[in-house]
Structure formats: C-alpha cells, structure tokens
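S.K.: Here is my input; please provide its structure:
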Amino acid sequence: MARAPLAALNHMLDRTVQRRHRTRTRTRATPRATPELAARPRPWLHALGLTLVVLAGAWLGLLIVGNVRAPVGPMNTTMALRPSLTGGTKINISPLGALSLDSHVAPVRLDVNVDQLDPLRSQALVDHPERISGLQDEVAHDVEHGTLDLALRSCVAVVSGATALGLAVYRRPRPALAAGGLALALLAASGASAYATWNPKSVLEPRFSGLLSSAPSVVGNARSIVTEFDVYQQELARLVTNVTKLYDVTSTLPAYQPDPSTIRVLHVSDIHLNPASWKIIASLVKQYRVDVIVDSGDTMDHGTAAENGFLDPIEDLGAPYVWVRGNHDSKNTQHYLERMKNVHVLDDGRAQTVAGLRFAGTGDPQFTPDRSAVPGGNASEELAGDRLASALRDQRDAGTPVDVAVAHEPSAARETDGEVPLVLCGHLHHQDTETLKYGTRLRMEGSTGGSGLRAVERQYPAPIEASILYFDRDNRRLQAWDAIKLGGLGLTTAEVSRHLADENHPETSPAPTASTTPPGTPSHRSP
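M.R.: Down below sits the predicted model:
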C-alpha cells in the first residue's frame, strides 16, 4: 500500500522535469532580438518613401523645365504637362477666359496658354480670309510638333527631377537610379492611359469660363459647326480680328504733341474686374507717355477681399495712380490700395499734388453691392459733393487751389461747379463732356472695362473707353483731350476723337477697320 503514493510522487516529479526541459529547449531555440534587427526598415515603408520621392521629383522637374513655347496658327502658346487626378486639356486664352476639354483620362493634364496673337500672322488671316480653309491643317501640324517636343522634354524633366531628388535624399546611386527608372515607368503608363482614353470628339464639347462663356452664343452650337463650317470660318475670322485689335490697336493710336512739356493724364473708370483693362492701360501709358493715371471708381464689382488681388498690376502700369472709391468699391478695397506704392487715394476732399497737378476728390458715399444697407440715392451723392466743394473753397482760400476734382457719381461732381476748372467722374458707362453753369468743365468717362461681365448680359456690348487729357504745365489748364473708344466683345471698331478745350470741333481719327457697331447702341450703367 505504501508503494502506491511513492510511485505517484515519482511520476509527478518526472513530469515536472520534462516540462522544465521543454521550456529550456524552446528558450534556446528562440533568438533574442538584436538592436540591428530592430532598426532594419520595413519593406513597405521603404517603397512608400521611394514613391513619394519619385512623385515629388517628377513634379518639380515638370514645373522647372517641362514646358515648351510653340506657335499654333496665329497664336504664340506655351504648352506644359501638369499632375492631375482627372487628366484632360485646359486652354487659357488671357484675358478672355479659358476652355476645358475631356480629351483623355490620365494622371497628367495638358495646359496650353495662349500668350499672345502674332500680329503679322493674324493680319495675314484678316487680309486673306481664303487662308482660313487651310488653317485646320496648319494648326494640326503645329500642335503635333509642339506635343512631340513637349513629350521629349517632359521625359527628360521627369527622369532628371526624380533622379536628382533621389540622390539628394538617399545619397546613394542605386536608389537614385531606381527613382529615375520608376519615374520613367510612371510617365510611360500615363502616356499609355492617355492614348487608350483619347477622345478626339472632346473638341466639340468644350467647357467655357470667363468672358469665353459667351462663345457658344457668339459662334453657335459646336455640333452645328461641323455642318456649317462656312459660318464658323466667318466667325473665326471676326474673333481673330477682334482679339488682335484688343492686343494691338493701342500701339498705333496717334498721340497729341502740341508741346513736349504737356502734362498727360489718362482718365479711366468703371473697370469692373476686366483683366483686359490692365493691358490696354499699360499700352496707353507707354504710347502716350502718360504722366499720371486717374481712376474715377468702380474698379471692382463686389468690393470683397477676394477681389483685391485683381488690383496688383496697378504697381506695374508705369505711372502714378490716382483713385477714388466708386459704389462698387468697398472701404476694404480702399485700404488695400492705400498700402500700395505709387497709388494716391483721394477721399474727404483732401488734396494731393501728383505729376505737377493738384487733385482732390471724394469716395462714393454709397456701396450698392452691400444689400444690408439702403442706398441714400442722389441726396447722399449731392451731400458728398457739397463737402467736396467746401474743401475746394478752403484750398482756394488758402492759396493752394485744386486743378482737378474727382468724384465717381456725376451728381456729386456737379456740386463742385465754380470751385474748380475741371471735374472728372464716371458711373454711367458712357463718355460725355459738359460745361456747367459757373464755368467748371465736367468730363465723364465711359467704362474702361467694357462694363466687365455685363458685356455678355446685354444685346449690345459696351465699348472699352478711356481718355487722354493734355494740360499746360505752366497754368495747369486743360488744352485738349483724346477720347478713345474700342469695340466691345464681338465688335471690331477702334476710334480716337480729338477735342480742343477752346473749340467744339472734334478731330476724329478712326483706326483702319470697318465699324460693326449696330446703330442706336444704348449706353450701359452699373446700378
């Protein structure tokens, strides 16, 4: 009986020894983790890093050298490939807008920027409309040549960018070469995707933006162009003529030079966010050797902070800029301009001397885009004009008379009658001159922006208007002015009218083009 418990105890001891032996065996078989093994990077993390380096290097390479300048028909263009999630083609036609085509699906987009129209090639099409019949083949050849050049340049740019960035990051040739090879593979895959999804019919269904959004109504439905190509040829010739004039007409305008010492003032107004205005103003400043630009307001459309960047070209126009606030310009607009160099903001009748002339003006008391406040109507305008007239009297009594007063609204400008030789205004979107009861000359400017986007809202587009005013440097009195009028959207007129301050006999100098302005075209006013 005693042997049974002893045998059981021995059995338990044997099992315990066996378990301990198995545990030691497993422990010896499992290697300890060393610091070198723990620091070894995981393969997926290495692949992710290499991919990011390739994408960043390829993108930088395309940005730096991945574009080509190529003539396409009468246009000088810049072609470039840009990373994109959807692909397609975007054609930017500054300052008219842009159009987008669903031409392909790939992680790259083709950008075509129309830099300018070549005057010689454009004029050749205008003078010889029969050449338009061969324009399609010429454009196709130019695009093919430019695209091939762009493809080769892009390959070099992508591979070089990825390889250079890989070498900078990894500092070893093998991963750098791997980055270049992967970049080339990605570009080849993108090209294959674009080729496989190429849609040549996308040109019949473009998406327009900017002022080009009116193109379907002007040119006609894109699908009808296929069946009515003769009509399309005529519209294309008219469009080329109009845009050529927009870029080039101001370079041929005659300049009034009765006296080399004449002070020349460019009067503009009611630009209403039209980017074409800056190109025209800069051209006029250069052609007429303008001493100072006066803007009588409504440079903006809604006066929001988002629009302020539109004002940045003012610093590069080549002349001092005198400005008063219009009813579409906010105090935010005014504060933005006050911080810009070479800009002189007039308000509350305070006078400033610019280019030898003494200016004073007041901002429009109404801000009509702000629907939270009820505009005060003519009463508030006349009250602002009274305050301006009072400030002008104070300046005259102090022995520092003002030469030119500036207001946006004509009713405010009329209140200065008898207090200043000349007052400038805008607002009504048409040019006019009036001698007031007590001898003050009121000069009203049209819309230098062609009424902005309103140009596509009316039956007849508003013309683009500006004036050059000539002042005697000794007595600072107005000698003469040239009224400049360019045809609005879809028109091809250009005219310069000479007016002498002491005579009512204008000398008209039309540009060499046939007028297409419909008779009885109404003027436009911005409410």
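S.K.: OK, contacts around the residue nearest to A501 when sequence neighbours are not counted?
M.R.: Once flanking residues are discounted, A501 sits nearest to L478: 4.7 Å by C-beta to C-beta, 6 or more residues apart in numbering. No exception for glycine: its C-beta is placed from N, CA and C like everyone else's. Applying C-beta atoms under 8 Å, 6 or more residues apart in numbering, we find L478 in contact with P421, L422, R441, L469, Y470, F471, A501.
S.K.: do that again at 6 Å, thanks
M.R.: Counting by C-beta atoms under 6 Å, 6 or more residues apart in numbering, L478 touches L422, F471, A501.
S.K.: same question, F310
M.R.: L273.
S.K.: Quick check: P365 is in a strand.
M.R.: No - P365 is assigned coil when assessed by DSSP: H, G, I helix; E, B strand; the rest coil, not a strand.
S.K.: isn't it right up against S380?
M.R.: Yes - applying C-beta atoms under 6 Å, one finds P365 in contact with S380, separated by 4.7 Å.
S.K.: circling back to that earlier point, what's across from the residue nearest to A501 in the sheet?
M.R.: F471 (DSSP bridges).
S.K.: how close does it get to P43?
M.R.: 81 Å (C-beta to C-beta, to the nearest Å).
S.K.: Closest one of the contacts of L478 to G318?
M.R.: F471 (18.7 Å; C-beta to C-beta).
S.K.: Distance of T448 relative to A501?
M.R.: Taken as C-beta to C-beta, the span from T448 to A501 is 22 Å.
S.K.: out of these two, which sits in the more crowded spot?
M.R.: Neighbours were counted for T448 and for A501 using other C-beta atoms under 10 Å; T448 has more, 33 against 18.
S.K.: How about the contacts made by that one?
M.R.: With C-beta under 6 Å, 6+ apart, T448 has these contacts: V268, I271, S277, A466.
S.K.: Filter the residues you listed down to the ones in strands?
M.R.: Secondary structure from DSSP state E places V268, A466 of the contacts of T448 in strands.
S.K.: and R473, how many neighbours?
M.R.: R473: 14 neighbours (other C-beta under 10 Å).
S.K.: pretty sure I91 belongs to a strand, no?
M.R.: Yes - the assignment for I91, made by three-state DSSP, places it in a strand.
S.K.: how near is it to V72?
M.R.: 10 Å.
S.K.: which residues do the two both contact?
M.R.: With C-beta under 6 Å, 6+ apart, I91 and V72 have no common neighbours.
S.K.: now the biggest helix by length in the chain: mean pLDDT?
M.R.: When the chain is parsed with DSSP state H, its longest helix is helix 135-170. Helix 135-170 shows a mean pLDDT of 77.
S.K.: What of stretch 299-308?
M.R.: Here the average pLDDT along stretch 299-308 is 89.
S.K.: Strands of the stretch 201-350 of the chain, residue ranges please.
M.R.: 207-210, 263-268, 292-295, 321-323, 343-345 (DSSP state E, counting those that start in this stretch).
S.K.: Give me the buried stretch members for the longest helix of the chain, please.
M.R.: 135, 138, 142-143, 146-147, 150, 153-155, 157-167, 169-170 (16 or more other C-beta atoms under 10 Å).
S.K.: Check stretch 298-307 too.
M.R.: D298, T299, M300, D301, H302, G303, E307.
S.K.: Need the residues that contact it.
M.R.: Residues from elsewhere that reach stretch 298-307 (C-beta under 6 Å, 6+ apart): D270, I271, H272, L273, G326, H328, D329, S330, N332, T333, P369, G452.
S.K.: Straight-line length of that stretch, end to end?
M.R.: Start-to-end span of stretch 298-307 (C-alpha to C-alpha, to the nearest Å) is 12 Å.
S.K.: cool, and stretch 285-303?
M.R.: End to end - C-alpha to C-alpha - stretch 285-303 spans 26 Å.
S.K.: before we move on, what about stretch 164-179?
M.R.: End-to-end distance of stretch 164-179: 9 Å, with C-alpha to C-alpha as the criterion.
S.K.: can you name the two of the contacts of T448 that are farthest apart?
M.R.: Going by C-beta to C-beta, the pair spanning these furthest: I271 and A466, at 10.0 Å.
S.K.: Tell me where the model's unsure across the stretch 151-300 of the chain.
M.R.: 200-260 (pLDDT under 70).
S.K.: Mind doing that once more with 50?
M.R.: The model of the stretch 151-300 of the chain has pLDDT under 50 over residues 211-256, 258.
S.K.: got the domain boundaries for this protein?
M.R.: 47-218, 256-510 (automatic domain parsing).
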